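**Student:** sequence-free structure coming up:
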């Protein structure tokens, strides 16, 4: 069992599945190179190509996708809030939360644990 009482897939997943799930989380870092949605497109590609092959990889890539869609919507909100000046501070906080969440998701997935981001909108099922 994971820390949050969810099943631990560590013994039920292969090393390749754990690596692909970790890559699904880390692929969001493509957003640093391609700011206009790179953090969403990369996990989407992993999910679309792996969802039929592994339940664990599908679950974790979908989690990474939903997390990054939520972050993208929050980035848009921060851009609008630049007008009143608070968008800069919120954008910095959002960036830190995004980086930490991405790294934590990758670490847990590499351990074979099902990871759930907090405050994530489940937009894709």
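**Tutor:** Arrived safely. Since this is a predicted model, take the numbers as computed values, not measurements. Residues are numbered from 1 along each chain as shown.

**Student:** neighbours of residue 63, just the number please.
**Tutor:** Neighbours of residue 63 under the rule other Cβ atoms under 10 Å: 25. Every C-beta, even on glycine, is put in place using the N, C-alpha and C of the backbone.

**Student:** and it, what pLDDT?
**Tutor:** Per-residue pLDDT puts residue 63 at 96.

**Student:** Tell me which helix or strand it sits in.
**Tutor:** helix 55-81 (DSSP states H and E).

**Student:** next one: residue 104
**Tutor:** helix 86-110.

**Student:** Give me the distance from that helix to the chain's centre.
**Tutor:** 9 Å (Cα atoms, centre = their mean, to the nearest Å).

**Student:** and residue 39, what pLDDT?
**Tutor:** pLDDT recorded at residue 39 is 84.

**Student:** and if you look at residue 83?
**Tutor:** On the pLDDT scale, residue 83 gets 91.

**Student:** how near is it to residue 77?
**Tutor:** Separation of residue 83 from residue 77 (Cβ to Cβ, to the nearest Å) stands at 12 Å.

**Student:** Neighbour count for the two, which is higher?
**Tutor:** Taking neighbours as other Cβ under 10 Å, residue 83 and residue 77 compare with residue 77 leading, 13 against 8.

**Student:** show me the residues around that one that make contact.
**Tutor:** residue 90 (Cβ atoms under 8 Å, 6 or more residues apart in numbering).

**Student:** With residue 70 instead?
**Tutor:** 117, 119-121, 123.

**Student:** Report the spatially closest residue to residue 32, excluding sequence-adjacent ones.
**Tutor:** residue 38 (7.5 Å; Cβ to Cβ, 6 or more residues apart in numbering).

**Student:** Go ahead and confirm that neighbour touches residue 31.
**Tutor:** Yes: using Cβ atoms under 8 Å, residue 38 is in contact with residue 31, at 4.2 Å.
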